[in-house]
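Undergrad: Compute the structure for the input listed below.
(chains A and B)
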Amino acid sequence: MYNIISISLGEIVLKGKNRGYFERKLMEQIKAVTNKFEGVKVFRDQGKIFVESNNEKDISEILEKIKKIFGIVQISPCIKVEKDIEIIKEKTIDIFKHIKSKQNVHTFKVATNRTDKRFPIKSMELNSLLGGIILKNFDDIKVDVHNPDVLIYVDIKSDCYIYSEKIKTLGGLPVGTNGKGLLLLSGGIDSPVAGYLMAKRGVEVQAIYYHTYPFTSERTDEKVKKLAEKISEYCGKIKLHSINILDVYKSIKSNCSEKESTILARRFMMRIAEKVAAENDIDVLITGENLGQVASQTVKSISVINEITGLPILRPLIGMDKTEIIEIAKQIDTYETSILPYDDCCSIFSPKHPVTRPKLNDIRKSEEYLNIDKLVSNAYSTMKIEIL
Amino acid sequence: MEIYLDNSATTKIRKEVLDEIISVHTKCYGNPSSLHRMGLEAEKKIENTRKVISKFLNAKPEEIYFTGGGTESNNIAILGHLNTNKGDGNIITTQIEHPSVYNVYKKLENDNIKVNYVDVDNYGFINIEKLKNYLNENTLLVSLIMVNNEIGSIQDINNIVNIIKSVNPKTKIHIDGIQAFGKIPIDLKQFGVDSFSFSSHKIHGPKGVGGLYIKSNSRIAPINYGGNQEKGIRSGTENTPGIVGFGKAVELISDNFEQENLKLNNLKKELSYKIKKEIDDIKINSLLDKKGAPHILSISFKDVKGEVLVHYLEECGIYVSTGSACSSKGKNISRTLKSIGLDQDYVEGTIRYSFGFFNKIEEIDYVVEKTKESVEDIRNIIKR
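TA: Have a look, this model is predicted:
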């Protein structure tokens, strides 16, 4: 039935002189998902992007993939035909028959949009012409211009596009149009969502994962990789850096007060992340931190953590409730993986009563007992990299 | 270096078994139910295996049924007995059953069937007085694990069967023999139990094959339906290569039964003595005498987390389990270890070393050394 997908861009159209850049990035990403299919054409036509293929099965597969690309607000599977009124009539009947086989249809409306003014039949005329054809060919059908069961759209551009479905998609901006970010990815629910949300705003996401093997299981590594893979469906390929920070925890445990261990460890994570960021030309760090979700996530501790790095730390979940985060996690299909019961490195070394209002001076004093540079460089040397 | 000490979870297949399986897959791949010659050849191979196993257990060949594994055998036996012998009576089992039995009873309890759980002493032996208390003229079924999978204590089946029969000769008795099979001499004729389950992959046979003994006059109603293979007890095309491989594994152990299990027992004793000598604050949960299975050694280390020790040892190429492999993925504290009254300080630091055909006495010193180093390191980190 369908031989082309029409893609409507979202905010990109507001980008003025930069619009070309955003569109090119988006085209790249669309081509990346379509290039494994044979005989597929991707092109722009008057403000929209089109993906054309004569293989119906490919069209529906490509449709699913395109739904996950940021920067697109709406897609429609369409029938593309020549601007020949007889062919348009015939295909309008076809598409109506197709819809009727799938749902109950009592009322309909035809909505024409004639961008090509050289086409001799005006929009209103075409609406009534095609509406008449449908009424003649199908029984028990009425026109309802206000609240129809089915809308048949006919766009007259360089060619004619007939469609009835408008699928709302994710919106956002094409990945890679807003710099590079390093996501602190754990095995939990929050961090994959944070990565997803920043990718949605155009950030190209890489990830860093801290573990304390053998105090954590290799199954936790697999879980984190699986999460990275899941969000890579939206973010594009993800470079995952895995780093063992057991020595950091050991050193904190034997030299510092237990209740400070969480905040001290977080500061180490930022130090190591900053180093990885510098190596990879990354501009920002991204975390799944949220205000008040656990005892250590307070404004005071955020400021003590921020103090470590010159890089901005993006915290897209900062003001969300857990239920809102879970909702997104379910929508992007990371939730089921996140709740698998393997220890992440936070749980074994986490203190019973963490400080909730750490003071920078106290923390700095505690850090005097630690060989910071050596711990950071040792941890850095355990780094393993995988592209997912 | 690879020292595999998780043989109670599963074992590495023996070369001779693998060769046999490949040969069946490539040369004798017919369906035993087919009328033609290839079907007959496959059927003959299965019947031959049935003979091998029945001889090994001192049962009749027609009392042996092949299944898809130990869990399936236990399910068929328990649910099958209850499908056949309906009544208002109770069922008796123990607190230290494997999940493949325990969770069947949990399901039955949800269906309002009365299940009594007999407790055990510090060594994992069932409380005979409690058993007697629960038994009555209406008791439908008693089922118990012969060798516990976590600590290896061997129940005195003969004695228990006598007690049950003296109260109610009609009560059916099911034995989960999965850890006992191939490690302890078993004489089913003498036991006089109604069913006994066992599994192939615990004795260096292939995975996905199990067996169930059902006494010839004990009727069992099937729990699934199909082509009536295995006399309707386990419908589904027979796994001929797996069954034949299982038979080969049984042949191999029966050839050298006493010596092989003596070897396992020596490994167990050696490791146990040396660990006790080298490491403080430990508790050996397994019995070292005839009342403990030769291949299972459970040790609890105070102030250690078992799962962390597992990962430390895997770094050294040593593979062990915490508690039992089947329950170690859940966060729950082991039922068995709780039931034997193990101290809270020790429960979380429990490791099971389990031995098999491929282990050698020379491996023990390395295992002791690495266990010692790991335990000390972990204690340093956790305690401080």
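
Undergrad: Show the model's pLDDT score for B:Arg234.
TA: The predicted local distance difference test score for B:Arg234 is 96.

Undergrad: can you tell me the helix or strand for it?
TA: Assigning secondary structure by DSSP states H and E places B:Arg234 outside every helix and strand.

Undergrad: can you tell me which residues contact the closest residue in space to it that isn't next to it in sequence?
TA: Closest residue to B:Arg234 in three dimensions, ignoring its sequence neighbours and counting by CB to CB, 6 or more residues apart in numbering or on different chains: B:Thr67, at 5.0 Å. Using the backbone N, CA and C atoms, a C-beta is placed for each residue, glycine as well. When contacts are counted by CB atoms under 8 Å, 6 or more residues apart in numbering or on different chains, B:Thr67 is found next to B:Ser73, B:Ile76, B:Val209, B:Gly210, B:Gly211, B:Leu212, B:Glu230, B:Arg234.

Undergrad: Could you take the residues you listed and lay them out as a markdown table, with extra columns for neighbour count, distance to B:Glu373 and secondary structure?
TA: What follows is these, written out as a markdown table (neighbours: other CB atoms under 10 Å in any protein chain shown; distance: CB to CB, whole Å; DSSP: H, G, I helix; E, B strand; the rest coil):
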| residue | neighbour count | distance to B:Glu373 | secondary structure |
| --- | --- | --- | --- |
| B:Ser73 | 29 | 41 | helix |
| B:Ile76 | 27 | 46 | helix |
| B:Val209 | 26 | 39 | coil |
| B:Gly210 | 30 | 39 | strand |
| B:Gly211 | 28 | 41 | strand |
| B:Leu212 | 28 | 44 | strand |
| B:Glu230 | 19 | 50 | helix |
| B:Arg234 | 22 | 48 | coil |
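
Undergrad: Let's have the residues you listed in JSON lines, adding distance to A:Gln29.
TA: JSON lines is the format used below for the contacts of B:Thr67 (distance: CB to CB, whole Å):
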{"residue": "B:Ser73", "distance to A:Gln29": "53"}
{"residue": "B:Ile76", "distance to A:Gln29": "54"}
{"residue": "B:Val209", "distance to A:Gln29": "50"}
{"residue": "B:Gly210", "distance to A:Gln29": "51"}
{"residue": "B:Gly211", "distance to A:Gln29": "56"}
{"residue": "B:Leu212", "distance to A:Gln29": "57"}
{"residue": "B:Glu230", "distance to A:Gln29": "56"}
{"residue": "B:Arg234", "distance to A:Gln29": "53"}
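
Undergrad: Among the residues you listed, give me the pair with the biggest separation.
TA: Within those, two members stand farthest from each other by CB to CB: B:Ile76 and B:Val209, at 14.0 Å.

Undergrad: give me the element the residue sitting furthest away from the middle of chain A is part of.
TA: The outermost residue of chain A, judged by C-alpha distance from the chain's mean C-alpha position using CA atoms, centre = their mean, is A:Lys136 at 45.3 Å. Element membership for A:Lys136 (DSSP H and E) is helix A:123-137.

Undergrad: That helix - contacts with which helices or strands?
TA: Counting by 3 or more CB pairs under 8 Å, 6 or more residues apart in numbering or on different chains; DSSP states H and E, the packing neighbours recorded for helix A:123-137 are helix A:85-100, strand A:107-114, strand A:150-156.

Undergrad: For stretch A:39-57, the averaged confidence score.
TA: Computed over stretch A:39-57, the mean pLDDT rounds to 90.

Undergrad: For the chain, give me the ranges with low pLDDT.
TA: By default, I'm working from chain A. Low-confidence regions of chain A, defined by pLDDT under 70, span residues A:342-348.

Undergrad: sorry, should have said chain B
TA: Where chain B drops into low confidence, which here means pLDDT under 70, it does so at B:323-332, B:384.

Undergrad: Which segments of it make up each domain?
TA: Following automatic domain parsing, one finds the domains of chain B at B:3-11+B:257-383, B:15-255.

Undergrad: can you list those domains in a markdown table and add distance to A:Lys359?
TA: Output for the domains of chain B, formatted as a markdown table (distance: least, CB to CB, whole Å):
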| stretch | distance to A:Lys359 |
| --- | --- |
| domain B:3-11+B:257-383 | 27 |
| domain B:15-255 | 49 |
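
Undergrad: which residues touch A:Lys230?
TA: Taking CB under 8 Å, 6+ apart as the contact definition, A:Lys230 lies against A:Pro192, A:Ile332, A:Asp333, A:Thr334, A:Thr337.

Undergrad: For the residues you listed, pick the one with the most neighbours.
TA: For the contacts of A:Lys230, the largest neighbour count, defined by other CB atoms under 10 Å in any protein chain shown, is 31 neighbours, found at A:Pro192.

Undergrad: In which helix or strand does that residue reside?
TA: In this assignment (DSSP H and E), A:Pro192 forms part of helix A:190-200.

Undergrad: tell me what that helix is packed against?
TA: strand A:180-184, strand A:204-211, helix A:218-235, strand A:284-286, helix A:322-331.

Undergrad: Residue in the stretch 51-200 of chain B with the shortest distance to chain A?
TA: Among all residues of the stretch 51-200 of chain B, B:Pro99 sits closest to chain A, at 16.1 Å; criterion: CB to the nearest CB.

Undergrad: how close does that residue get to B:Lys107?
TA: For B:Pro99, the distance to B:Lys107 (CB to CB, to the nearest Å) stands at 12 Å.
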